[in-house]
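[1] no FASTA, just this:
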Ligand code: M6R
């Protein structure tokens, strides 16, 4: 997930003709837009402006501040036209070279990009055969060279037409913005499965990943549709589809102020990130199969013979990431038949774990900087184990030190309470499990394809759960004075219960505990008294009926002792209705994939309850987003 901004203002001649003041300096608009969009990514930033028939550009690894320093030391000329980018690295680590814009064709064309181009390797091969050279490891440079090649092949100096043709070759998710020396007052952009909004000013026009990119200048905006190309000048814009047919965007007025705009109109980053979960799962799944339907994990650069000889998997992680690991264990053991342990990273090395060359250690971390997890990685490597990092932050320490990294593509997670990263971690761990099952022959190709097809349906199902959040929020509001909330689950529902309790503890400061439902009668049931709220995550009745029946019995047992039962159950599961004070439904899905759905109401509940108590859900007390000390 990257931040993108584009600007075209009036030339001084145009301003004179109109008798209006000159527009803004493009650079001011771009840097201000990037500041507002930096929440979307901060691995590197860059700008390109057209001035005096050349593309002037600066780009720098690290936060926007580094780019600003660079611009201070090496200023760019005043310009009316430019593009800017703040990057969340996907292909190619965060470096000056991989930063956007990518300037190609002898410095004539500059391109920025948000998204993942799935077929970049194939296009790159073709372009290399045509004699093109590449400087970076990015998929973006491939798109830029393809656009330049198409522009030159068409030969009619039509950047918009070249963009349409080039986009027809691209697969995956992308927003592209381009400026060309032949078109000093124009920015051409395109989008597929990735956001792009047009901002309409007085004699100046803007583009942004979202309205926060230009909110300081206009509130009049147009949402671009899927597979559309837009070409903007200072006083006009034209929208087409990828075949050049005229198309229309959706005009709207921005009602938020600038601060709210960064959060996409949500009151908090946490709420925004909960709502981004369908996208986080979808992007994590994207580009993982080849044309024959085989699962390919390009990033997993560990020798296949080593992966085939693995006889034990140990997942190390902390907090929410450790619960993602617990979910992963059920799936990996079931699909791969490899014994799998999950261990809190800070406990791992102090108990002298039995780890050797045949152990695969999987380090789960959103930030990639958690010191406890990093130390566990180092300890495992010292014992000869190979380490795969599942991480959301490209270029961070854990994936850099690991033997291989599998990135989640959830985009930056700003709120301290992890939400979309959790679902993305589970998704990536499923992919790892399926990949190992494919490699080791534990599952037939059609079985793996079947599970992948189910996974592909999950983003839409998560969206359904999010769409039904009103009832969960109402309950949270009514329970804001609760002193304690318990969570019960079995099988994959157990780590979901633990995660539900953690969310409530960390942002609402309420005592909360998650239990394995089977453990109730071994102690925790003594906590149940009249009015005690208890969430119960119910497994699917389809396929695992004995598991389901046991959880239904647990609900009866606690209800009989006065608990207020809040049940999360599959659509169509009527067996819970008689014992539930409240029921929240999730769409039907295979049991192993259910955590991607059942977690969501618990996140919404915690976020709403904490908000109702007046707490800052993004920055809860005593906590930090990235725990870089042991
Ligand atoms: O960045 P990581 O995934 O390594 O962080 C691990 C935990 O610190 C983190 O998940 C923490 O538990 C969250 N605040 C929970 O919401």
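    Perfect, thanks for sending it. Being a predicted model, the structure only gives us computed values, none of them experimental.
[2] what's the neighbour count on residue 275?
    In terms of burial, residue 275 registers 20 neighbours under the definition other CB atoms under 10 Å. Every residue, glycine included, has its C-beta placed from N, CA and C.
[3] how about the backbone phi and psi for it?
    phi -70, psi -20 (degrees, to the nearest 10).
[4] these two touch, right, it and residue 467?
    No. The criterion here is CB atoms under 8 Å, and residue 275 misses it with residue 467 at 10.0 Å.
[5] for the stretch 451-600 of the chain, which segments count as strands?
    Here the stretch 451-600 of the chain has its strands, by DSSP state E, counting those that start in this stretch, at 484-489, 511-516, 533-537, 564-570, 582-586.
[6] next, format the ones you listed as TSV and append mean pLDDT and mean neighbour count.
    Putting those into TSV (pLDDT from 0 to 100; neighbours: other CB atoms under 10 Å) gives the following:
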stretch	mean pLDDT	mean neighbour count
strand 484-489	97	25
strand 511-516	96	20
strand 533-537	98	27
strand 564-570	97	24
strand 582-586	97	20
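[7] what's the closest of these to residue 196?
    Comparison of the strands of the stretch 451-600 of the chain against residue 196 by CB to CB identifies strand 582-586 as nearest, at 31.6 Å.
[8] tell me what that closest one is packed against?
    Counting contacts by 3 or more CB pairs under 8 Å, 6 or more residues apart in numbering; DSSP states H and E, strand 582-586 is packed against helix 445-467, helix 469-478, strand 564-570, helix 595-612.
[9] around the ligand, which positions in this structure sit nearby?
    Proximity of the chain to the ligand is confined to 318-321, 365-367, 370, 373, 416-418, 502, 506, 626-627 under the rule CB under 6 Å from any ligand atom.
[10] pLDDT score for whichever residue of the stretch 401-550 of the chain sits closest to the ligand?
    Closest residue of the stretch 401-550 of the chain to the ligand, CB to the nearest ligand atom: residue 418 (3.7 Å). Note for residue 418: predicted pLDDT of 97.
[11] ok, it to residue 273 distance?
    Relative to residue 273, residue 418 is positioned 9 Å away (criterion: CB to CB, to the nearest Å).
[12] check residue 427 too.
    In terms of CB to CB, residue 427 sits 15 Å off from residue 273.
[13] quick one on the thing from earlier: who's in contact with the residue of the stretch 401-550 of the chain closest to the ligand?
    Residues near residue 418 by CB atoms under 8 Å, 6 or more residues apart in numbering: 319, 320, 321, 366.
[14] out of those, which is nearest to residue 560?
    Checking the contacts of residue 418 one by one against residue 560 (CB to CB), the nearest turns out to be residue 320, at 32.7 Å.
[15] confirm that that closest one sits in a strand.
    No. Assessed by DSSP: H, G, I helix; E, B strand; the rest coil, residue 320 does not belong to a strand; its assignment is helix.
[16] now it: closest residue in space that isn't a chain neighbour?
    Nearest-residue entry for residue 320: residue 418, 4.1 Å, with adjacent residues in sequence omitted and distances by CB to CB, 6 or more residues apart in numbering.
[17] and that neighbour, which of the three is it?
    Using three-state DSSP as the criterion, the local structure at residue 418 reads coil.
[18] from the residues of the chain next to the ligand, list the buried ones, please.
    318-321, 365-367, 370, 373, 416-418, 502, 506, 627 (16 or more other CB atoms under 10 Å).
[19] tell me which of the residues you listed is nearest to residue 56?
    Within these, proximity to residue 56 (CB to CB) peaks at residue 367, which comes in at 34.7 Å.
[20] what's the closest non-adjacent residue to the closest one?
    Residue 367 sits nearest to residue 626 (CB to CB, 6+ apart), 4.1 Å away.
[21] pretty sure that neighbour sits against residue 371.
    No. In this structure, residue 626 sits apart from residue 371 without contact. The criterion is CB under 8 Å, and the distance is 9.2 Å.
[22] my hunch is that residue 135 is in a helix, does that hold up?
    No. Secondary structure assignment (three-state DSSP) places residue 135 in coil, not in a helix.
[23] just say helix, strand or coil for the closest residue in space to it that isn't next to it in sequence.
    In space, and not counting its chain neighbours, residue 135 is closest to residue 97: 6.3 Å by CB to CB, 6+ apart. With three-state DSSP as the basis, residue 97 sits in coil.
[24] re earlier: just the residues of the chain next to the ligand now: which is nearest residue 229?
    With CB to CB as the yardstick, the closest approach to residue 229 among the residues of the chain next to the ligand comes from residue 366, at 34.7 Å.
[25] touching, the closest one and residue 389? I think so.
    No. Residue 366 is beyond contact range of residue 389, at 11.1 Å (criterion: CB under 8 Å).
[26] output the below-cut-off pLDDT ranges for the stretch 451-600 of the chain.
    For the stretch 451-600 of the chain, residues meeting the criterion pLDDT under 70 lie at 544-545.
[27] do the chain as well
    Across the chain, the stretches falling below the confidence threshold (pLDDT under 70) are 1, 12-22, 256, 259-261, 395, 544-545, 628-630.
[28] what residues go with each domain of it?
    Following automatic domain parsing, one gets these domains for the chain: 3-256, 273-465, 468-612.
[29] any chance of those in JSON lines, plus distance to residue 618?
    Formatted as JSON lines, the domains of the chain follow (distance: least, CB to CB, whole Å):
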{"stretch": "domain 3-256", "distance to residue 618": "11"}
{"stretch": "domain 273-465", "distance to residue 618": "5"}
{"stretch": "domain 468-612", "distance to residue 618": "9"}
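[30] what strands line up against the helix or strand hosting residue 110, and which way round?
    For residue 110, the element it lies in under DSSP states H and E is strand 109-117. The pairing partners recorded for strand 109-117 under DSSP bridges are strand 102-104 (antiparallel), strand 172-180 (antiparallel).
[31] find the closest residue to the ligand in this protein.
    For the chain, the residue positioned closest to the ligand under CB to the nearest ligand atom is residue 319, at a distance of 1.9 Å.
[32] confirm for me that that residue is in contact with residue 503.
    No. The pair formed by residue 319 and residue 503 falls short of the contact definition of CB under 8 Å, at 10.6 Å.
[33] so what's the most centrally placed residue in the chain up against?
    The centroid of the chain falls nearest to residue 410 when counting by CA atoms, centre = their mean (1.2 Å). Applying CB under 8 Å, 6+ apart, we find residue 410 in contact with 1, 276, 280, 283, 284, 366, 392, 420, 421, 423, 424.
[34] would you list these in JSON lines and tack on distance to residue 577 and secondary structure?
    Supplementary listing: the contacts of residue 410 in JSON lines, determined by distance: CB to CB, whole Å; DSSP: H, G, I helix; E, B strand; the rest coil:
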{"residue": "1", "distance to residue 577": "40", "secondary structure": "coil"}
{"residue": "276", "distance to residue 577": "32", "secondary structure": "coil"}
{"residue": "280", "distance to residue 577": "32", "secondary structure": "helix"}
{"residue": "283", "distance to residue 577": "36", "secondary structure": "helix"}
{"residue": "284", "distance to residue 577": "34", "secondary structure": "helix"}
{"residue": "366", "distance to residue 577": "37", "secondary structure": "coil"}
{"residue": "392", "distance to residue 577": "38", "secondary structure": "coil"}
{"residue": "420", "distance to residue 577": "31", "secondary structure": "helix"}
{"residue": "421", "distance to residue 577": "34", "secondary structure": "helix"}
{"residue": "423", "distance to residue 577": "28", "secondary structure": "helix"}
{"residue": "424", "distance to residue 577": "33", "secondary structure": "helix"}
